[in-house]
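Peer 1: A predicted structure for the sequence below; I have some questions about it.
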Amino acid sequence: MEYNFNTIEKKWQARWANDKTFKADNHSSKPKYYVLDMFPYPSGAGLHVGHPLGYIASDIMARYKRHKGFNVLHPMGYDSFGLPAEQYAIQTGQHPAVTTEQNIQRYREQLDKIGFSFDWDREVRTSDPAYYKWTQWIFIQIYNSWYNTKTDKAESVDTLIQLLETEGNASVEAVCDEDTPIVSATQWKQFSEKEQSDFLMKYRLAYLGEAYVNWCPALGTVLANDEVKDGVSERGGHPVERKLMKQWSMRITAYAQRLLDGLENIDWSESLKESQRYWIGRSEGSSLNFKLQDHNASIEVFTTRPDTVFGVAFVTLAPEHELVAQITTPEQKAEVESYVIKAKNRSERERQADVTRISGVFTGTYAEHPFTGKPVPVWVGDYVLAGYGTGAVMAVPAHDERDYKFAKHFGLPLPQVIVPTREHDFETEAWGEKEGQLINSDFLNGLDVKTAIKTIITEIEKRGLGKGKVNYRLRDAVFGRQRYWGEPIPVYYKDGVPYALPESELPLVLPEIDTFLPTEDGEPPLGRATGWKYKGQYDYELTTMPGWAGSSWYFLRYMDAQNTNAFTDRTLSDYWQSVDLYIGGSEHATGHLLYVRFWTKFLKDRGFIGTDEPAQKLINQGMIQGTSTMVHRVNNSNKIVSAGLKKQYETTAIHIDVNIVDNTIVDVDALKKWRDDFAGMEFELENGKLICSTAVEKMSKRWYNVVNPDDICERFGADTLRLYEMFLGPLEQSKPWNTNGITGVSGFLKKLWRLFYQNNAFTLSDAEPTKTELKTLHKTIKKISEDIERFSFNTSVSNFMICVNELTEAKCNKRAILEPLLILVSPYAPHIAEELWEQCGHTESIAFASFPVCDDSYLQDDAFNYPISFNGKTRLMIELPAHLNQQEIEKEVMSREEVQKLLNGASPKRIIIVPKKIVNIVM
């Protein structure tokens with residue numbers, strides 16, 4: 001009987017679905033194991049072979065843990081709100097819900113074909129009102145909370161109101177707006193409802209306020225920092241500009257230190273942790289005020305190097321700084337305004353990364369040095385970011401590299417205030433090290449840097465010029481998006497005051513609108529909804545939530561996906577706790593993975609869950625790259641030449657569909673049909689073949705190098721696809737896809753099948769296995785167990801091949817060997833394992849068979865074949881029992897007739913014996 005993978009795989013996929021084989025138990029006595037994939041956005045293109053890489057790895061671990069006796073939760077769902085569906089809706093008029101549903105069906109078909117052991121009863125979709133009801137509910141909890149720094153956690157805003165009513169806020173310690181005034185209980189009570197609302201907004205963790213945002217006119221929405229690359233939108237490459245807008249934001253900055261500290265307690269890659277540390281950007285230093293000359297205002301700077309204050313040559317403001325327009329002199333106004341417009345259109349990320357581009361403009365105004373009283377020129381420069389510190393820096397060019405380059409470019413002075421600890425040339429670069437001795441610094445002279453920092457902070461505070469503080473690069477997260485296809489923010493407005501919807505009235509469902517563009521007067525698309533008002537009279541918030549909202553808690557919904565009374569039952573979240581293994585792309589390091597940690601800590605603070613980290617272990621899988629194929633067109637001609645002939649001509653490489661190429665040989669007839677412009681081409685071949693060139697590039701429709709997993713499953717089978725994706729290389733590394741290499745894995749599965757068949761008949765012997773067969777099995781058990789535990793799935797495939805080759809050579813068809821082998825193979829190639837397991841006579845799925853345990857005694861060799869050397873030259877081999885000691889080995893060797901013959905009556909000077917290695921007779 002031949003191995004018919006198509007029939008077998010369809011059979012078992014249907015069986016698993018019908019029997020709900022992988023349904024997780026919420027009330028099991030088994031230890032739990034929660035393995036999760038970052039759920040996909042269901043795009044119209046569907047999956048290519050690069051997408052399942054992480055899913056296959058997580059599925060191997062889920063199946064392995066079931067074999068090991070764990071109650072496994074392995075769910076899947078869809079991050080189904082997103083900008084692409086909305087852009088498609090704008091172009092075609094098709095409602096995003098329709099295209100999203102179609103795309104989800106396509107994804108589901110593809111996922112099912114690969115044989116994943118998902119518990120589909122727990123499927124979630126972020127665009128389902130039954131799901132986003134709870135996203136809205138969590139938003140309301142965040143809105144109704146403040147961060148109490150005394151208790152170091154979020155609390156209900158009711159506790160803050162109680163304090164305000166009884167004692168005011170003088171003793172309140174909280175994360176709040178910097179301009180929050182001190183009020184007494186009497187003043188609070190005298191506030192109007194709007195004044196109280198505005199005051200509380202300065203404390204709320206979800207708040208409405210003005211913020212600089214990344215505004216993308218082409219997309220008509222605000223983008224998060226991680227959605228902007230090099231000044232353009234990641235989606236579509238549209239220009240992005242910085243704009244001050246009234247926005248809903250989330251006070252993630254309240255959690256900055258806890259987000260940093262928590263990294264020490266989770267098993268995530270160091271590179272990912274470092275990305276988050278950099279993004280959070282903790283720094284210690286001091287605030288310091290520079291009074292402006294001829295203005296009743298001052299510039300507050302934050303510096304990590306207050307010791308260098310006597311080296312300040314100028315002050316630089318961010319282009320967005322509110323004082324720029326106020327202090328610029330009339331003579332400089334035109335130049336400053338022109339510069340500010342240009343600078344604002346560069347994203348913060350771009351401005352940080354581009355250290356070679358130096359630009360700035362003088363405001364015409366001076367500040368007073370806080371210690372010397374000398375005039376300090378005030379400049380505007382886009383290397384200063386409004387979102388970091390105070391949006392202003394005291395520039396010390398001799399001791400800061402970016403200040404140095406700015407000063408050199410504009411011919412500004414470079415006063416030195418530190419003597420370097422080694423030879424240094426200030427004509428070529430700044431001395432930015434935190435070491436050396438202070439000079440030209442008044443009362444700091446002679447101090448080392450560390451002592452000087454402490455001394456100057458004390459003096460700054462003593463003189464009332466500022467105070468020592470910890471600063472973070474992390475900014476509050478802009479939450480509102482000016483688009484349609486997202487969760488409505490559950491807020492309505494009455495007399496200009498925002499109110500959260502009563503929880504009993506959730507979900508606030510997206511209304512129908514006629515077109516998905518902003519309104520004619522610039523309102524978000526929800527402004528088009530007819531009669532969409534709370535109680536028929538109060539305006540709803542018109543922005544929707546960002547893409548990261550629904551993904552910031554989905555791991556919790558999987559625990560209790562059908563619950564209509566809570567986002568998850570506390571007893572179930574206490575049982576499943578955090579994710580044991582989370583697999584997904586590293587591109588989410590400072591987006592999703594930061595926000596999900598923030599929301600998890602918040603929900604823990606408020607007592608809704610018992611864990612403050614979403615995932616204990618996280619693995620970023622590498623990218624499967626495409627192997628692009630190109631043909632070569634002779635310039636200014638109608639001729640395509642084979643790759644080996646291109647040196648004879650000046651040619652241009654043209655990408656072609658990888659699916660019409662077989663191992664660099666192009667199917668010319670298929671090429672002509674693929675695109676009309678090739679139909680009339682002349683082809684110059686090599687030995688009758690058109691050979692193409694190849695290059696490893698990102699798998700993308702743009703390069704025509706996308707390989708559809710459906711095609712691989714149809715041609716080779718899902719088990720082959722699963723094994724091959726693992727075989728390509730270590731999980732965390734990027735590697736190129738090459739369909740030509742898949743035949744070896746396909747051949748392995750056929751060879752495994754043939755172990756169970758003789759003369760086309762299923763044959764399984766109950767005879768006792770030989771020692772050699774047992775050694776092969778237990779050696780494989782040991783290796784596969786070790787491979788899985790360290791996520792080294794690529795080496796497992798190699799070990800399977802070695803095992804099957806050895807058993808084939810031994811003509812082994814013993815039940816005691818082959819059944820444990822099937823269990824070992826099952827996590828990787830579940831369909832063939834299930835089929836053969838059933839043919840072995842089992843009625844229960846192999847999914848729950850106990851994983852074999854290695855018996856090390858079978859790995860011991862009974863005998864060792866010793867090379868017998870005379871003066872270092874091997875003359876013969878003698879097999880001896882492996883357990884013999886040195887004296888016993890010498891006795892056995894010297895008693896052998898062939899050894900005595902070689903000795904020819906002579907006595908050896910000495911005999912060197914290394915057990916299980918060599919015997920060397922020295923003459």
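Peer 2: Looks like it arrived, so ask away.
Peer 1: Where do the helices of the stretch 101-250 of the chain begin and end?
Peer 2: Secondary structure of the stretch 101-250 of the chain by DSSP state H, counting those that start in this stretch: the helices cover 129-143, 157-167, 185-190, 193-201.
Peer 1: now the angle from the second one to helix 129-143?
Peer 2: For the pair helix 157-167 and helix 129-143, the angle between their directions (axes from the mean of the first three to the mean of the last three CA atoms, to 10 degrees) equals 20 degrees.
Peer 1: Would you mark the buried spots in helix 157-167?
Peer 2: Neighbour counts using 16 or more other CB atoms under 10 Å place Val157, Leu160, Leu163, Leu164 of helix 157-167 among the buried residues. The C-beta positions use only the backbone N, C-alpha and C, and glycine is treated the same way.
Peer 1: which helices and strands does that helix pack with?
Peer 2: Where contact means 3 or more CB pairs under 8 Å, 6 or more residues apart in numbering; DSSP states H and E, helix 157-167 is packed against strand 145-148, helix 185-190, helix 193-201.
Peer 1: returning to what we had before: highest mean neighbour count out of the helices of the stretch 101-250 of the chain?
Peer 2: The densest packing among these, expressed as mean neighbour count by mean count of other CB atoms under 10 Å, is seen in helix 129-143 with a mean of 21.
Peer 1: then that one to CSV, C-alphas only?
Peer 2: The C-alpha atoms that make up helix 129-143 are tabulated as CSV, following Å, rounded to 0.1, in the frame of the first residue of the first chain:
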residue,chain,number,x,y,z
PRO,A,129,-18.8,42.9,18.8
ALA,A,130,-18.9,40.1,21.4
TYR,A,131,-15.1,40.4,21.7
TYR,A,132,-14.7,44.2,21.4
LYS,A,133,-17.4,44.7,24.0
TRP,A,134,-14.7,43.6,26.5
THR,A,135,-12.0,45.7,24.8
GLN,A,136,-14.3,48.7,25.4
TRP,A,137,-14.9,47.5,29.0
ILE,A,138,-11.2,47.5,29.6
PHE,A,139,-10.9,51.0,28.2
ILE,A,140,-13.5,52.2,30.6
GLN,A,141,-11.6,50.6,33.5
ILE,A,142,-8.4,52.4,32.4
TYR,A,143,-10.4,55.6,32.0
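Peer 1: what residues does that helix touch?
Peer 2: Contacts of helix 129-143 with the rest of the structure, by CB atoms under 8 Å, 6 or more residues apart in numbering, involve 81, 124-126, 154, 204-207, 250, 487-491, 500-501, 503, 506-509, 545, 549-550, 552-553, 557, 564, 566-567, 599, 602-603, 606, 608.
Peer 1: between that helix and helix 193-201, what angle do the directions make?
Peer 2: 90 degrees.
Peer 1: Going by secondary structure, the nearest residue to Lys783 once chain neighbours are set aside is in what exactly?
Peer 2: Distances taken as CB to CB, 6 or more residues apart in numbering put Asn799 closest to Lys783, at 4.5 Å, once the chain neighbours are dropped. Assigned by DSSP states H and E, Asn799 belongs to helix 793-809.
Peer 1: Just the closest of the buried residues of helix 157-167 to Glu9, please.
Peer 2: Relative to Glu9, the closest of these is Val157; by CB to CB it sits at 55.0 Å.
Peer 1: can you tell me how far that closest one sits from Gly496?
Peer 2: Per CB to CB, to the nearest Å, Val157 is found 19 Å from Gly496.
Peer 1: Please, where are all the strands along the stretch 201-350 of the chain?
Peer 2: According to DSSP state E, counting those that start in this stretch, the stretch 201-350 of the chain carries its strands in the segments 206-216, 221-223, 228-229, 232-233, 241-250, 282-291, 298-303, 314-317.
Peer 1: Direction included, what does the third one pair up with?
Peer 2: Read it as strand 228-229. Strands that pair with strand 228-229, judged by DSSP bridges, come out as strand 232-233 (antiparallel).
Peer 1: does Val396 really touch Val312, like I thought?
Peer 2: Yes: counting by CB atoms under 8 Å, Val396 sits close enough to Val312 to count as a contact (5.7 Å).
Peer 1: Following the chain onward from the lowest-mean-pLDDT helix or strand in the chain, which element is next?
Peer 2: Here the helix or strand of the chain ranked lowest by mean pLDDT, DSSP states H and E is helix 348-353, holding a mean of 68. The first helix or strand that comes after helix 348-353 along the chain, using DSSP H and E, is strand 361-368.
Peer 1: Now find how far off-centre that next one is within its chain.
Peer 2: The chain centroid and the centroid of strand 361-368 are separated by 44 Å, computed with CA atoms, centre = their mean, to the nearest Å.
Peer 1: okay, the angle between it and strand 298-303?
Peer 2: On the basis of the same axes, to 10 degrees, strand 361-368 is oriented at 100 degrees to strand 298-303.
Peer 1: what helices or strands is strand 361-368 leaning on?
Peer 2: Strand 361-368 is packed against strand 282-291, helix 323-327, helix 333-344, strand 375-380, with contacts defined by 3+ CB pairs under 8 Å, 6+ apart.
Peer 1: what's it in contact with?
Peer 2: 290-295, 298-299, 315, 317, 324, 327-329, 331-332, 335-336, 339, 374-380.
Peer 1: Was I right to think Arg633 contacts Thr651?
Peer 2: Yes: shown here, Arg633 and Thr651 form a contact pair, counting by CB under 8 Å, at 6.1 Å.
Peer 1: Find residues that contact each of those two.
Peer 2: Common contact partners of Arg633 and Thr651 (CB under 8 Å, 6+ apart): Val641.
Peer 1: what residue ranges in this structure score low on pLDDT?
Peer 2: 224-226, 230, 347-350, 352-355 (pLDDT under 70).
Peer 1: Near Ala430, how many other residues are there?
Peer 2: By other CB atoms under 10 Å, the residues close to Ala430 number 21.
Peer 1: Equivalent analysis for Ala761, please.
Peer 2: By the other CB under 10 Å criterion, the neighbourhood of Ala761 contains 8 residues.
Peer 1: Quick check: chain neighbours aside, which residue is closest to it?
Peer 2: Using CB to CB, 6+ apart and skipping residues adjacent in sequence, the residue nearest Ala761 is Met1, 7.5 Å away.
Peer 1: Report the separation between that neighbour and Phe191.
Peer 2: When CB to CB is applied, the distance between Met1 and Phe191 equals 83 Å.
Peer 1: ok, now Thr568?
Peer 2: 38 Å.
Peer 1: what about the two, which has more around it?
Peer 2: Thr568 (22 against 15).
Peer 1: quick one: contacts for Asp521?
Peer 2: Gly527.
Peer 1: Based on its surroundings, how many neighbours for Cys909?
Peer 2: Let me fix one detail, which is that residue 909 is Lys and not Cys. If we define neighbours as other CB under 10 Å, then Lys909 has 9 of them.
Peer 1: measure it to Glu898 for me?
Peer 2: Distance, Lys909 to Glu898, using CB to CB: 20 Å.
Peer 1: again, but for Trp703
Peer 2: Distance of Trp703 to Glu898, given as CB to CB: 67 Å.
Peer 1: and what of Met394?
Peer 2: Note on Met394: its distance to Glu898, by CB to CB, is 90 Å.
Peer 1: Of those two, which one has the most company?
Peer 2: More crowded of Met394 and Glu898, by other CB under 10 Å: Met394, with 26 against 12.
Peer 1: is it true that the more buried one lies in a strand?
Peer 2: Yes: when classified by DSSP: H, G, I helix; E, B strand; the rest coil, Met394 is found to be part of a strand.
Peer 1: Would you confirm that it contacts Glu300?
Peer 2: No: using CB under 8 Å, Met394 is not in contact with Glu300, being 10.3 Å away.
Peer 1: what residues are shared contacts of these two?
Peer 2: When contacts are counted by CB under 8 Å, 6+ apart, Met394 and Glu300 have Leu288, Phe290 as shared neighbours.
Peer 1: What is the helix holding Asn799 packed up against?
Peer 2: By contact count (3+ CB pairs under 8 Å, 6+ apart), the secondary structure elements abutting helix 793-809 are helix 718-727, helix 743-754, helix 771-789, helix 815-825.
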